[in-house]
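Participant: Sequence and computational prediction follow.
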Amino acid sequence: MDIKRKGARTKKDIPAIILRQLNSGEIECANVVEWSAIDRRKLLENILIMYNRKHYLSPILNSVNILKKQTINTINETIGSELLNQMNIHNDPEFLQILLDIPSDLVRGWGCFIVGKDTTLTLEQMLNKIIPFAKDKHFNVREEAWTAVRPTIIKNLDESITFLSKWAKSENENIRRFASEITRPRGVWCKHIEALKQSPSIALSILEPLKSDSSKYVRDSVGNWLNDASKTQALFVEELCKQWEQESSTNETKYIIKKALRSIDKIL
C-alpha cells in the first residue's frame, strides 16, 4: 500500500480531494477504509472515458446492477469478467496491459479477474499472465491475483502444484507467497481445497522450499497453510513440524512451526 501517506480511519474522514483521486484512478488506496469507500461504478466510468472505451460502460454496468448480491467482492469480480467480455467483443487484448499500468490498485485488481475468467487460456498461460499481478507492489492486487485464479488451480490441482513448486523457489518473495497462499487448504473468504484438506502431503513440493523463508510475508502464509491443514490432518502437521525442527534450527523455521501448531496447541 501507499507508504507515503496514511489513510483516514473512517470513510467520513477521507479528504474530498483524496476521494476524488481514488474515484478517478489517479492514486492507490492507503488502507482498507479508502478501498471500501471507492465508488466502483464511477471509477469504471472514469477509466473507460480516459482510455476511449466508454462504449464498454453500459453493458458492464447492466451486469453489475442485476447482481443479486451487491458486495464489493462480487462487483469487482463482475467488472473484471465483463471487461473481458468487452475486450473479446471488440478484439481489444491490449486493454489488459493498459489496466496493469494504471495507478489505481483497484483497477489493476480488475485485471486479475480478466485473467482468471479467461477460459481460453491453458493453465500455464493463465499463470504466466497472472505473474505481474502476483508481483504487484500493492497488497490488494496481490490478494486479487490468487483469488481470481484459485478456481482454476482447484480444477487442475496436480498440474498446478507442478508449476507452483517452481514458483516456491522464485527470487521474488511475492511469487513465493503466491504459491503458498493460493493453495491454502482452507484459505480466507474462498472455496476450500478438499484434496489438500484430506491429503496435504500433495503440496509438500511447495512447502518444503519455504520452511525457512527469509520473508515474514511468506512465513506467515506457510504457517497459515499448515494451520489450515491441522484442522483435518493434525498428525501430518505435527510430524512435518517435528521433521522441520530437526532439519532446520533457524528462527525462521521456528516461527513457521509456532504458527502452524497454534490450533493444535489450543486443543492440548
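Facilitator: Here it is on my side, so go on.
Participant: Just the local confidence number for M1, please.
Facilitator: We have a pLDDT of 44 for M1.
Participant: Also the one 10 residues further on?
Facilitator: Looking at K11, its pLDDT stands at 96.
Participant: Enumerate every residue touching the spatially closest residue to it that is not a sequence neighbour.
Facilitator: Spatial nearest neighbour of K11, chain neighbours left out: A37 (4.6 Å); criterion: CB to CB, 6 or more residues apart in numbering. (Glycine included, C-beta is placed from N, CA and C.) Shown in contact with A37 (CB atoms under 8 Å, 6 or more residues apart in numbering): 11, 14, 19, 22.
Participant: likewise F113?
Facilitator: F113 sits next to 76-77, 79-81, 83-84, 144, 148 when contact means CB under 8 Å, 6+ apart.
Participant: What of E45?
Facilitator: Each residue near E45 by CB under 8 Å, 6+ apart is listed here: 54, 57.
Participant: do you know how far it is from H55?
Facilitator: Going from E45 to H55 by CB to CB, to the nearest Å gives 12 Å.
Participant: With N65 instead?
Facilitator: Distance from N65 to H55, counting by CB to CB: 17 Å.
Participant: Tell me how far stretch 82-90 lies from the chain's centre.
Facilitator: 22 Å (CA atoms, centre = their mean, to the nearest Å).
Participant: Buried residues, it. List them.
Facilitator: For stretch 82-90, a neighbour-count test (16 or more other CB atoms under 10 Å) marks 82-84, 86-87 as buried.
Participant: returning to what we had before: quickly name whichever of the contacts of F113 is closest to K137.
Facilitator: K137 has its nearest neighbour among these in E144, at 13.5 Å by CB to CB.
Participant: how much space between the closest one and V32?
Facilitator: Distance of E144 to V32, computed by CB to CB: 13 Å.
Participant: repeat for P200
Facilitator: According to CB to CB, P200 stands 30 Å off from V32.
Participant: likewise H138?
Facilitator: From H138 across to V32, the span is 12 Å (CB to CB).
Participant: neighbour count winner among these two?
Facilitator: H138 (19 against 12; other CB atoms under 10 Å).
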